[in-house]
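A.B. asks: Just need the structure, nothing else, for what follows:
(chains A and B)
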Amino acid sequence: MPKSDKAMHTLSVYVANKPGALARIAQVFARRGFNIESLVVSPAIDGHFSRMTITSSGAPEGLEQIIKQMVKLVDVLHCIDHTYDKSVMKEMGLIKIAVDSEGRSEALQIAEHYGCKTVDLTSESMILQVVGSPAKIDALEEMIAKFRIIELVRTGKVVMSRGQKTT
Amino acid sequence: MTNIPIEGGQAIIRCLENEGVEYIFGYSGGSVIPIFDAMVTTETKIKFVLVRHEQGATHMADGYARATGKPAVVLVTSGPGATNTLTGIMTAHMDSVPMIVLTGQSVSWMLGKDAFQEADIFGITMPVVKHSYLVKKTNDLPRIIREAFHISTTGRPGPVLIDIPKDISAGPCTADLHAEMDIPGYKLDTSVDNDTILEIAEALAKSKRPLILAGHGALISRADGSLKAFAEKARIPVTNTLLGKGVFPETHELSLGMLGMHGTAYANKAICECDLLLNIGSRFDDRILGKPDEFCTDATIIHIDIDASEIGRMIQPQITCVADAKTAIDELVKHVPELETTDWRKHLDGYKTKYPLKFKRQGGLKMQHVIDEFYKLSEGKACVATDVGQHQMWAAQFYKTDSGYNWLSSGGAGTMGFGLPACIGAAFGRPDDLHICFIGDGGFQMTFFELATAALHKLPIKIVVLNNHYLGMVRQWQELFYEDRTSGVDLEGNPDFVKLAESFGIKGFNLRRPGDVKRVLQNALDYNDGPCLINCEVEKTDNVFPMIPAGAPIGDMLIELPTKKLEKPTGST
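C.D. replies: Modelled structure (predicted):
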């Protein structure tokens, strides 16, 4: 995953929870050669609908076309580009690092600084759970890399508009 | 809810009846037997046409829809039956033609297990449908069919596919056949923004050299009458796209005919010189843009389209109007005065005189001659279907279209093999009209087996095979841009098309000499015992002009065969 989301666009898509909806949306990106960097899908309050947060990189004008094409899909109710609207954007990461008793206290110190939870601990490894902005997780990743990162799993970001604005 | 269940297949037929379906074009097979059985047990009035190949069914439904404005239904079996519809679905999708495709499917519990004749047609067709369904419950059928028709025929029309597992069509249905739709994501905005209309009117009032570009969208919204009233009131010349033929009478004094790669020289010159271009329902297809960066750079571009995703996709307009064409024009006409365009129109008339569409009458038989003569003999009143290639462009040039729904041609997809079945479909929809199918020897051989369908139903169609024994358009490119290195275009081994027609019980005529054109075509017109075929042995190596090489600016248009060597075109096909 790129370290900066400056060239990234964060879109929220509100879709009918119907078979094939995700495939149709993915096709809109694939056909135009856009890569989906992250994708989060979950049921909305009304179970007939789903929420998607899609992060994609590419030229802004191309993305405008992608949004129009998505809105055109029968299953899509709306699609909003949150890239520039200062919405709340959060992500969760699980980082498994190789650390034994010798490095453990330093690792925990870093973890504490980033507000991580230790969700698994063995004599040779630990799993840190971090929640925050993608930039925060990037920064933690960089700091913790002094230990060997065995595995890293990020959820991809979810987004919500502030105040009365719709996501 | 009804208490006595009916079979899923019967529910399907009843729902199609409720939608006013007149024809089903299709081909039977194992997984659709319950639906075919329901056609018998329901004693339905819907007429079923057994085609000879599933692709033919889709083009027939397509031709029916283009000629009548109403959707037709395609019914095919699973697996290869379903995949054979793919080209026809894509053709309809590219040209915004409504169509409902019902495909049989393996039983639900075998889905994804590579069952006999199982194909993931729902997945395969996803990029070429407006919407699609895989039915999971028999009771969903009424709602899905209703939604499918609504989606297919409204807004920007397009094909909708419904994949129906055999256990679903054989299962009991207790649902209300007039089910409510559930498509919250499908919004139709029929309004038009008044401020935008005023902005367009203001721009028009300032314009000295306005031009209307009318596309298929204007025809789909049945804006032909409104467009004529508007153009006549404001005195604005009109050019039309290939699929827009008929939306504005091509014989009207304000008409410049078709523009684009093989459009008229005067239409293309008008595009280059106008100071305002009002595009109504055309998607700025690459066939008319030439080089997008150099398209109409000095003009104010206004784009009216019902599909917001078309705006700014190829060309960024100065004024954008997302609206139904007819609604927009009807509003616009109220605010537009008579414009002072006399000089501009005189100037364009000069081009009409200087660069008329023409062909040499000397030498062998020419496609243009046949088309032109048939145009005159039929008084321009036929519903014309074409295939794809040189003959298509010449038909567009020489068979002027004065009213909507009389021009059926595969534009976006450029599907060879479209012409004959499309003409057949149109003849089913309008059995009392004259139907002419201009078709090349290449495209004809892709779907000629539908001659059986035409013969069986004694359809009033004149099949004009413009036979140059070549894939002429590709040969033309090879001659112009590849130093005449012909490759893969020589159709040696063509059958005798008259004998072929006769073997289906269809009357055949041969036409070889220019001097015989009128007589033979008149004989064909007078023949009224079902379809007939005219095999025209035309010149082998004629070229279509005017021509704008693909990807070149419109100003680079070639009026006739150039003497100097040409660079390979940069644009696509």
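A.B. asks: Now do the strands in chain A.
C.D. replies: Using DSSP state E, the strands assigned to chain A run over residues A:8-16, A:35-43, A:49-57, A:76-81, A:88-98, A:117-121, A:125-132, A:148-154, A:158-160.
A.B. asks: Run through the residues of chain A sitting next to chain B.
C.D. replies: Residues of chain A lying near chain B by C-beta under 8 Å from any C-beta of the partner chain: A:15-16, A:19-20, A:23-24, A:27, A:31, A:48-49, A:64-65, A:68-69, A:71-77. Every residue, glycine included, has its C-beta placed from N, CA and C.
A.B. asks: care to break the chain down by domain?
C.D. replies: If you meant another chain, say so; for now it's chain A. A:8-81, A:89-159 (automatic domain parsing).
A.B. asks: oops, chain B please
C.D. replies: Taken from automatic domain parsing, chain B resolves into B:6-173, B:194-354, B:367-545.
A.B. asks: closest one to A:H9 among the ones you listed?
C.D. replies: A:H9 lies closest to domain B:194-354 among the domains of chain B, at 17.0 Å (C-beta to C-beta).
A.B. asks: thinking again about what came up before, what would the domains of chain B look like in JSON lines with mean pLDDT, mean neighbour count and distance to chain A?
C.D. replies: Listed next are the domains of chain B as JSON lines, based on pLDDT from 0 to 100; neighbours: other C-beta atoms under 10 Å in any protein chain shown; distance: least, C-beta to the nearest C-beta, whole Å:
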{"stretch": "domain B:6-173", "mean pLDDT": "98", "mean neighbour count": "22", "distance to chain A": "4"}
{"stretch": "domain B:194-354", "mean pLDDT": "97", "mean neighbour count": "21", "distance to chain A": "4"}
{"stretch": "domain B:367-545", "mean pLDDT": "97", "mean neighbour count": "21", "distance to chain A": "15"}
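A.B. asks: could those domains go into a markdown table alongside distance to A:A59?
C.D. replies: Shown next, in a markdown table, are those (distance: least, C-beta to C-beta, whole Å):
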| stretch | distance to A:A59 |
| --- | --- |
| domain B:6-173 | 22 |
| domain B:194-354 | 13 |
| domain B:367-545 | 25 |
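A.B. asks: so which of these comes closest to A:M89?
C.D. replies: Per C-beta to C-beta, nearest to A:M89 of these: domain B:194-354, 26.5 Å.
A.B. asks: for the closest one, the distance to its chain's centre please.
C.D. replies: Taking C-alpha atoms, centre = their mean, to the nearest Å, one finds domain B:194-354 lying 20 Å from the centre of the chain it belongs to.
A.B. asks: what residues are up against B:G429?
C.D. replies: Taking C-beta atoms under 8 Å, 6 or more residues apart in numbering or on different chains, we find B:G429 in contact with B:22-23, B:63-64, B:67-68, B:70, B:72.
A.B. asks: ok, now B:S31?
C.D. replies: B:77-79, B:104-106, B:117, B:165-166.
A.B. asks: What about these, which are in strands?
C.D. replies: Using DSSP E, the contacts of B:S31 in strands are B:104-105, B:165.
A.B. asks: would you list every one of the strands in the stretch 1-150 of chain B?
C.D. replies: B:6-7, B:23-26, B:47-50, B:73-76, B:99-105, B:131-134 (DSSP state E, counting those that start in this stretch).
A.B. asks: Show me the one of the ones you listed that comes nearest B:L177.
C.D. replies: Per C-beta to C-beta, nearest to B:L177 of those: strand B:6-7, 8.7 Å.
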